[in-house]
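Trainee: Whatever this is, show me its structure:
(one chain, ligands or ions: 1)
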Amino acid sequence: MTDETPLLEIRNLRKYFEESSNVLDLLLRREPDQIQAVDDVSLTLNENESIAVIGESGCGKTTLLLTLIGLHDITDGEIIYKGTPVSEFDKADWKDYRSNVQVIFQDPFNALDPKMTIRESLEEPLKIHGIDDRDRRVRDVLEHVELSPPEKYLGRKPVNLSGGEKQRVAIARALIVEPDIILADEPVSMLDASTQAAVLKMMKELIEDFGVSMIYISHDLSTVSYISEHVNVMYLGRIVETAPTGQILADPKHPYTDALVSAVPIPDPGHDRDRTRMSGAPRDPIGLGDGCRFRDRCPAVIPPDHLEIDQEAFREVMEFRELLDRDEIAFDRVVETIDDPDPDDRTMARALKQEYFRHELSGENEATLTESLIALANEKPDVAARRLKQRFESVCETTPAYVEAETGWNVACHHYEESTNETQSTPAKQH
Ligand code: SF4
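Mentor: Numbering: from 1, shown residues only. Next up is the predicted model:
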């Protein structure tokens, strides 16, 4: 390992799970769908660095963590520790890696064995890794996590500690073997706000004191600036933006990051900030294709060049097409809005339009939509979907984007291709 060798490199990592097969799959001998929990993720962690992975629940960040510690097999890609791929590890290498890569889990209430005293909990990892001088180490680490004097805590059991104290013991357990890397999975999300700030401040100091590196995993962007210099924003298994923390908070580029930053509460109630909002919830990470995974929620999705259409009207067509693809058009609800017990196709098409579209289209856009809704009313969803796709398909659906918007600032969004080929415009923030 040279001075420039990263401590940990994750290269194009994929972790897919197979969805369990149903009876029809078995009868038809269909391959089960793949759940793309982590898809083509690359990260670098250097010595004495703290980076963050941020994203909503279900974005794949915990799967990433469990893959990093060897609890999930790698589907594809590589994890490289101090220059050696883990795929080349022998038993001794794995033991060394497991000692040097420690995890702090989200739930301090379940992180500790309720039957063990704090002393026993802290001595356990030392015994596992064959480390002596246990009493001194236990007392030292308790002082470091500000559980002082140690005598006050050594004989207690977790039930006698507050949530914040439990998480401090969990942090002490991770630090006591003097690891190179801490993987912290939402370490403060179950603590109250005042305890969160104190624990984060302490973690920041510990990273510096122990010279340890950290991957901080959270859904909460507001905590990141305390602890990490660099942020990776994850959405449905992929990193969609990566940049220094201060820059990403001040000027988020990816529309998803922009929405996350908009959601961070501002302490000053007098400060009036418009918010970027996302529609809906993330879909299941199954059969996602090549395009941008945020397209079904993106407030800045890009219409085809030939189309004259405003953003909200286009967004509405996109959402309708997604529902159609997922076979989720609520025909029963639409039928209830029609007085006629036996409506013709045009009446049904009008009712569908009323139910799903608030924005007026015009010209060819309107003609295509009407034609498609009539096909749908005529029980030809494939024709309707095809016709809509021909006219309204977006580059966001068909082509992945990963652009270096500025040096060290990567964004998975076609809007930033202008920085390299000047084809698209920067999204107007929905502020
Ligand atoms: S690529 Fe398209 S859908 Fe994805 S974030 Fe950019 S504009 Fe939105």
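Trainee: Spell out which residues of the stretch 251-400 of the chain are next to the ligand.
Mentor: Applying Cβ under 6 Å from any ligand atom, we find that the stretch 251-400 of the chain lies next to the ligand at His254, Pro255, Cys292, Phe294, Arg295, Cys298, Ala300, Val301, Ile302, Cys396. C-beta coordinates here come from the backbone N, C-alpha and C atoms, glycine included.
Trainee: dump the residue contacts of Val335.
Mentor: Pro343, Met348, Ala351 (Cβ atoms under 8 Å, 6 or more residues apart in numbering).
Trainee: any idea how far Ser372 is from it?
Mentor: The gap separating Val335 from Ser372 is 18 Å, by Cβ to Cβ, to the nearest Å.
Trainee: same question, Arg14
Mentor: 36 Å.
Trainee: And for Glu308?
Mentor: Taking Cβ to Cβ, one finds Glu308 at 18 Å from Ser372.
Trainee: Quick check: phi and psi on Lys95?
Mentor: phi -60, psi -50 (degrees, to the nearest 10).
Trainee: excluding its backbone neighbours, what's nearest it?
Mentor: Once flanking residues are discounted, Lys95 sits nearest to His129: 7.8 Å by Cβ to Cβ, 6 or more residues apart in numbering.
Trainee: thought the one you found was touching Asn100?
Mentor: No: because the distance of 9.6 Å does not satisfy Cβ atoms under 8 Å, His129 is recorded as not touching Asn100.
Trainee: For the longest helix anywhere in the chain, buried residues please.
Mentor: For the chain, the longest helix by residue count, based on DSSP state H, is helix 193-210. Buried residues in helix 193-210, defined by neighbour count with 16 or more other Cβ atoms under 10 Å: Thr195, Gln196, Val199, Leu200, Met202, Met203, Leu206, Ile207, Phe210.
Trainee: thinking again about what came up before, who has more neighbours, Glu308 and Ser372?
Mentor: Counted by other Cβ atoms under 10 Å, Glu308 and Ser372 do not tie: Ser372 has more neighbours, with 28 against 9.
Trainee: just to revisit the earlier point, identify the contacts common to His129 and Asn100.
Mentor: The contact sets of His129 and Asn100 overlap at Val177 (Cβ under 8 Å, 6+ apart).
Trainee: Find the nearest non-adjacent residue to Ile239, please.
Mentor: Asn232 (4.9 Å).
Trainee: With just CA atoms, put whichever strand or helix holds that neighbour into CSV.
Mentor: Here Asn232, judged by DSSP states H and E, is contained in strand 230-235. What follows is strand 230-235 as a C-alpha-only set of coordinates in CSV (Å, rounded to 0.1, in the frame of the first residue of the first chain):
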residue,chain,number,x,y,z
HIS,A,230,-17.9,14.6,1.2
VAL,A,231,-21.5,13.5,0.4
ASN,A,232,-22.7,10.8,-2.0
VAL,A,233,-26.5,11.0,-2.6
MET,A,234,-28.0,7.6,-3.3
TYR,A,235,-31.3,7.0,-5.0
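Trainee: In its sheet, which strands sit next to that strand, and in what direction?
Mentor: strand 50-54 (parallel), strand 238-244 (antiparallel) (DSSP bridges).
Trainee: most packed of the ones you listed?
Mentor: strand 50-54 (a mean of 25; mean count of other Cβ atoms under 10 Å).
Trainee: how's this structure carved up into domains?
Mentor: 8-250, 311-393 (automatic domain parsing).
Trainee: would a markdown table of these with mean pLDDT be doable?
Mentor: Formatted as a markdown table, the domains of the chain follow (pLDDT from 0 to 100):
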| stretch | mean pLDDT |
| --- | --- |
| domain 8-250 | 91 |
| domain 311-393 | 93 |
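Trainee: Select, out of those, the one closest to Leu288.
Mentor: domain 8-250 (6.1 Å; Cβ to Cβ).
Trainee: First-to-last residue distance for that closest one?
Mentor: End-to-end distance for domain 8-250: 28 Å, by Cα to Cα, to the nearest Å.
Trainee: So that it lines up with my notes, have the first residue be 409 from now on.
Mentor: Happy to do that; since the first residue is 409 now, the last one works out to domain 416-658.
Trainee: That one close to the ligand?
Mentor: No: residues of domain 416-658 contacting the ligand under Cβ under 6 Å from any ligand atom: none, with a closest distance of 7.2 Å.
Trainee: and that domain, how far out from the chain's middle?
Mentor: Its chain's C-alpha centre lies 15 Å from the corresponding centre of domain 416-658 when counted by Cα atoms, centre = their mean, to the nearest Å.
Trainee: show me where the stretch 659-808 of the chain has strands.
Mentor: With DSSP state E, counting those that start in this stretch, there are no strands along the stretch 659-808 of the chain.
Trainee: need the contact list for the residue in the stretch 509-658 of the chain that the ligand sits nearest to.
Mentor: Nearest residue of the stretch 509-658 of the chain to the ligand: Val648, at 7.2 Å (Cβ to the nearest ligand atom). By Cβ under 8 Å, 6+ apart, Val648 lies in contact with Val641, Met642, His662, Tyr664, Thr665, Arg701, Phe702, Val819, Ala820, Cys821.
Trainee: buried subset of these?
Mentor: Buried, going by 16+ other Cβ under 10 Å: Val641, Met642, His662, Tyr664, Thr665, Arg701, Phe702, Val819, Ala820, Cys821, out of these.
Trainee: Val494 and Arg547: what is the separation?
Mentor: 34 Å.
Trainee: Sorry, slip of the keys, the one I care about is Gln510.
Mentor: Relative to Arg547, and taking Cβ to Cβ, Gln510 is found at 19 Å.
Trainee: about what we covered before: CSV for the strands paired with strand 638-643, including distance to Pro440?
Mentor: Formatted as CSV, the strands paired with strand 638-643 follow (distance: least, Cβ to Cβ, whole Å):
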stretch, distance to Pro440
strand 458-462, 28
strand 646-652, 22
